[in-house]
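Engineer: Need a 3D model of the sequence below.
(4 chains)
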Protein chains: 4
Amino acid sequence: MTDTIQVHPVAQTDFPAWKTLWDGYNAFYGRHHETALPLEITEMTWSRFFDAYEPMHALVAESAGELIGLVHFLFHRSTIQVGPSCYLQALFTAGTARGKGVGRKLINEVYLRSKNMGVERVYWHTHETNTTAMQLYDKVADKSGFVVYRKPL
Amino acid sequence: MTDTIQVHPVAQTDFPAWKTLWDGYNAFYGRHHETALPLEITEMTWSRFFDAYEPMHALVAESAGELIGLVHFLFHRSTIQVGPSCYLQALFTAGTARGKGVGRKLINEVYLRSKNMGVERVYWHTHETNTTAMQLYDKVADKSGFVVYRKPL
Amino acid sequence: MTDTIQVHPVAQTDFPAWKTLWDGYNAFYGRHHETALPLEITEMTWSRFFDAYEPMHALVAESAGELIGLVHFLFHRSTIQVGPSCYLQALFTAGTARGKGVGRKLINEVYLRSKNMGVERVYWHTHETNTTAMQLYDKVADKSGFVVYRKPL
Amino acid sequence: MTDTIQVHPVAQTDFPAWKTLWDGYNAFYGRHHETALPLEITEMTWSRFFDAYEPMHALVAESAGELIGLVHFLFHRSTIQVGPSCYLQALFTAGTARGKGVGRKLINEVYLRSKNMGVERVYWHTHETNTTAMQLYDKVADKSGFVVYRKPL
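Structural biologist: As a prediction, this is how the structure comes out:
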């Protein structure tokens, strides 16, 4: 099954199909209906994937001509490395395509592309209650023991 | 006591005093002796604080002419915001200056400077066992419930 | 006269006064009426001046509470330097404030701020027919002998 | 002849062959012997080509297994565009491979890659006495009438 899944960078023409996945991702984190991510932000983020100056990227998983998963990632500096870090900010698989290794395939492609570009570490955040996702994450990465504090300004 | 503490960006001449704090910070995370952060990385990081192209910054807390604390932070994009995020990557207070509000003062200055530059969110990682630091963090930010996965490449 | 001119970074509240100068600058290069710079671009550029992630900056000259000049500059890498270059992309003095050293003051402030941030070279483009501007430029910089080729995509 | 020339991004293993071309480029601009570009800068520039965070790129032209040309380019913001500009900072063809369309092929590849990444304009600087290069440049781009002023800091 996995063999028929292709992972590639998003193209401009992928917008509608990507948007469906992106909405699904946001809904999972409670951003839907009145709390939906403003369209202005989605459009800005989309434009940044195609902006040579922005180190922000999106890959999609495709199967039988349909987009079934996405991963977004960006590169930034670290004070304890010479090379950049990769922050994998979103990973999502369509509900109908779960359990087929899509997420793992997307993560592996991020690893591969990052490694080829001098990145020393990939990291992401997941909610401590998201045990389903952690079943995969525990296989492909290290649970660091670090927790995230944040402050909206 | 807090009133006599000044927070300001590091200057080139602060290197030796900053380096002592930086070594203290790294030692806390087990990077010392044979596992010390390579000097090459420290020098690169230091140079980035003074590189107009790198959105990486360092502030220091000074009291009675001595550096007693540091905070490092950098800005990067987010896929769910138009404005940037601020990643506060290191906070450290000299052992002799603890309990005087130095850390809080440094964090507040990061909030202030970030807010003035369009930043929408400040975040950082702390180890789940670092209960001392969390006493402060729980007062100035939100424990998000997110945990950090990472993969060295 | 020069002593009463203050140069400082633009603030959000400067928008209307800055916009008047910016329109004057664009008109000088033929971007007005039907060829005017789209407002969308002006708003994006303005937002970038206040975006911590974008190494793009604006200074204004103020005299008697009025903005009388602007300079825009941005930092980018160079393949023949370790530190960044500064591209001074726009310099403009209000028609009523010419001949009072405003332009020179703005350029000098760009030099000062750039030097403090590790910049190794400031450069700009001016049209070969702009002899008025060159009277100043020949005093504060070197005419390099290089000409600009460009290709719209 | 042109058909046998392949243009591709540099790979880590290209360093020695790229270095020979880079030295040739620098010598053309008088940077050789005692005025040679310091090796430290060459190494930093090389590392940036492979740094996911740096929008700086290098392509090479290859023929019969040999590198015969290079082009370096980087992306930066512009105050009069939403999308980035591309600054083509270096173009060089080995002495033995001149007159075969290598330079044009390299420039065209920069155009193609830039256009696909939202770039609105490619530009470069050439010396006003470099009439040989201008024979090509006049065919593939516009001589803008702008000249370059610069100030070392």
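
Engineer: Flag every residue of chain A that's near chain C.
Structural biologist: Proximity of chain A to chain C (C-beta under 8 Å from any C-beta of the partner chain) involves no residue at all. To be clear about C-beta, it is placed using only N, CA and C from the backbone, and glycine gets the same treatment.

Engineer: Break down chain A into its strands, ranges please.
Structural biologist: A:6-9, A:56-63, A:66-76, A:85-93, A:121-127, A:142-152 (DSSP state E).

Engineer: mind listing what's buried in stretch A:38-58?
Structural biologist: For stretch A:38-58, the neighbour count (16 or more other C-beta atoms under 10 Å in any protein chain shown) marks A:41-42, A:44-46, A:48-58 as buried.

Engineer: How far does it sit from its chain's centre?
Structural biologist: 13 Å (C-alpha atoms, centre = their mean, to the nearest Å).

Engineer: Pull the residues that contact that stretch.
Structural biologist: For stretch A:38-58, the surrounding residues in contact (C-beta atoms under 8 Å, 6 or more residues apart in numbering or on different chains) are A:9-10, A:12, A:15, A:18-19, A:22, A:70-76, A:84, A:113, B:77, B:79-82, D:52-53, D:55, D:75-77, D:83-84, D:86, D:114, D:117-119.

Engineer: and that stretch, C-alpha only, in PDB?
Structural biologist: The C-alpha trace of stretch A:38-58 is given here as PDB (Å, rounded to 0.1, in the frame of the first residue of the first chain):
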ATOM      1  CA  PRO A  38      -8.800  33.400   9.500                       C
ATOM      2  CA  LEU A  39      -8.600  32.900   5.700                       C
ATOM      3  CA  GLU A  40      -6.000  35.700   5.600                       C
ATOM      4  CA  ILE A  41      -3.600  33.600   7.600                       C
ATOM      5  CA  THR A  42      -4.200  30.500   5.400                       C
ATOM      6  CA  GLU A  43      -3.500  32.600   2.300                       C
ATOM      7  CA  MET A  44      -0.400  34.100   3.800                       C
ATOM      8  CA  THR A  45       0.900  30.700   4.800                       C
ATOM      9  CA  TRP A  46       0.200  29.300   1.400                       C
ATOM     10  CA  SER A  47       2.000  32.100  -0.300                       C
ATOM     11  CA  ARG A  48       5.000  31.500   1.900                       C
ATOM     12  CA  PHE A  49       5.400  27.900   0.700                       C
ATOM     13  CA  PHE A  50       6.100  29.500  -2.800                       C
ATOM     14  CA  ASP A  51       8.300  32.400  -1.600                       C
ATOM     15  CA  ALA A  52      12.000  31.700  -2.200                       C
ATOM     16  CA  TYR A  53      12.900  34.000   0.700                       C
ATOM     17  CA  GLU A  54      10.800  32.100   3.300                       C
ATOM     18  CA  PRO A  55      12.300  28.800   4.700                       C
ATOM     19  CA  MET A  56       8.900  27.300   5.000                       C
ATOM     20  CA  HIS A  57       7.800  24.300   3.100                       C
ATOM     21  CA  ALA A  58       4.900  21.900   2.600                       C
END
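
Engineer: For A:Gln12, give its distance to A:Leu39.
Structural biologist: 17 Å (C-beta to C-beta, to the nearest Å).

Engineer: How about A:Asn130?
Structural biologist: Applying C-beta to C-beta to A:Asn130 and A:Leu39 gives a distance of 26 Å.

Engineer: re earlier: which of the buried residues of stretch A:38-58 fall within helices?
Structural biologist: A:Ile41, A:Thr42, A:Met44, A:Thr45, A:Trp46, A:Arg48, A:Phe49 (DSSP state H).

Engineer: Any chance of those in TSV with pLDDT as columns?
Structural biologist: Formatted as TSV, these follow (pLDDT from 0 to 100):
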residue	pLDDT
A:Ile41	98
A:Thr42	98
A:Met44	98
A:Thr45	98
A:Trp46	98
A:Arg48	98
A:Phe49	98
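
Engineer: Between those, which sits nearest A:Pro152?
Structural biologist: A:Ile41 (14.5 Å; C-beta to C-beta).

Engineer: how near is the closest one to A:Arg104?
Structural biologist: Taking C-beta to C-beta as the measure, A:Ile41 falls 28 Å from A:Arg104.

Engineer: Then A:Gly30?
Structural biologist: 25 Å.

Engineer: Same check on A:Ala90?
Structural biologist: 16 Å.

Engineer: neighbour-wise, which of these two wins?
Structural biologist: A:Ala90 (19 against 16; other C-beta atoms under 10 Å in any protein chain shown).

Engineer: OK, contacts around that one?
Structural biologist: Contacts of A:Ala90 (C-beta under 8 Å, 6+ apart): A:Trp22, A:Tyr25, A:Leu70, A:Val71, A:His72, B:Thr79.

Engineer: and of those, the nearest to chain C?
Structural biologist: Comparing those against chain C with C-beta to the nearest C-beta places B:Thr79 closest, at 13.4 Å.

Engineer: thinking that closest one is in contact with A:Val71, fair?
Structural biologist: No: contact status for B:Thr79 versus A:Val71: not in contact, 10.8 Å apart, counting by C-beta atoms under 8 Å.

Engineer: thought A:Tyr149 was touching B:Tyr137?
Structural biologist: Yes: at 4.9 Å, A:Tyr149 counts as touching B:Tyr137 under the criterion of C-beta under 8 Å.

Engineer: Now do the shared contacts for the two.
Structural biologist: Contacts common to A:Tyr149 and B:Tyr137, judged by C-beta under 8 Å, 6+ apart, are B:Trp124, B:Thr126, B:Lys143.

Engineer: What distance do you get for the first one to B:Tyr87?
Structural biologist: Spelled out, it's B:Trp124. Where B:Tyr87 is concerned, B:Trp124 sits at a distance of 7 Å (C-beta to C-beta).

Engineer: same question, the second one
Structural biologist: Using C-beta to C-beta, one obtains 13 Å as the distance from B:Thr126 to B:Tyr87.

Engineer: swap in the last one?
Structural biologist: When distances are taken as C-beta to C-beta, B:Lys143 and B:Tyr87 turn out to be 17 Å apart.

Engineer: which stretches of chain A aren't confidently modelled?
Structural biologist: Scanning chain A for pLDDT under 70 picks out the ranges A:1-3.
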